[in-house]
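Engineer: Give the three-dimensional model of this entry:
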Amino acid sequence: MFRPGDVIITNVQFTDSQEIKIRPAVVLFEELGNVIIAGITSNTKMKGISLLKTEGAIKDSVIKLNYIFTVSEELVSKVLFQLSKKRNTLSLQNLIRNLSF
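Structural biologist: Presented below is the predicted three-dimensional model:
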């Protein structure tokens, strides 16, 4: 079982190709074996929520809330760490704002 805010390593199939890559991601929620995730990139010039080394990331990164996938729980290799409550709340608030009409 995964919790919102878990930073995980998972296999992700990209929509523009058949390629599957191992990537870090943040769990948004999990239900019935499906894990909804937001991708993480180390390209700090990209738009998103910053995630710093001091918070547990391997290097300064960005949570990309415009990069959302559903993966099977079997594709998740491991949980790296849990986002702070503040960072998790900020991520979810931004996601809700992006989804609002």
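
Engineer: list the helices and strands the helix or strand bottoming out on mean pLDDT in the chain packs on?
Structural biologist: Within the chain, confidence by mean pLDDT, DSSP states H and E is lowest for helix 85-99 among all helices and strands, at a mean of 90. In terms of contacts (3 or more Cβ pairs under 8 Å, 6 or more residues apart in numbering; DSSP states H and E), helix 85-99 is packed against strand 20-31, strand 49-51, strand 61-72. To be clear about C-beta, it is placed using only N, CA and C from the backbone, and glycine gets the same treatment.

Engineer: distance between it and the chain's centre?
Structural biologist: In terms of Cα atoms, centre = their mean, to the nearest Å, the centre of helix 85-99 is found 12 Å from the chain centre.

Engineer: who's in contact with that helix?
Structural biologist: Residues outside helix 85-99 that contact it (Cβ atoms under 8 Å, 6 or more residues apart in numbering): 4-5, 26, 28, 38, 49, 51, 55, 63, 65-66, 82-83.

Engineer: Can you pick out the most distant pair from those residues?
Structural biologist: N66 and Q82 (22.7 Å; Cβ to Cβ).

Engineer: shaky segments in the chain?
Structural biologist: 15, 101 (pLDDT under 70).

Engineer: Give me the nearest residue to the spatially most central residue of it, chain neighbours excluded.
Structural biologist: In the chain, the C-alpha nearest the mean C-alpha coordinate belongs to V26, at 2.4 Å (Cα atoms, centre = their mean). Spatially, and ignoring its direct neighbours in sequence, V26 is nearest to A38 (4.9 Å; Cβ to Cβ, 6 or more residues apart in numbering).
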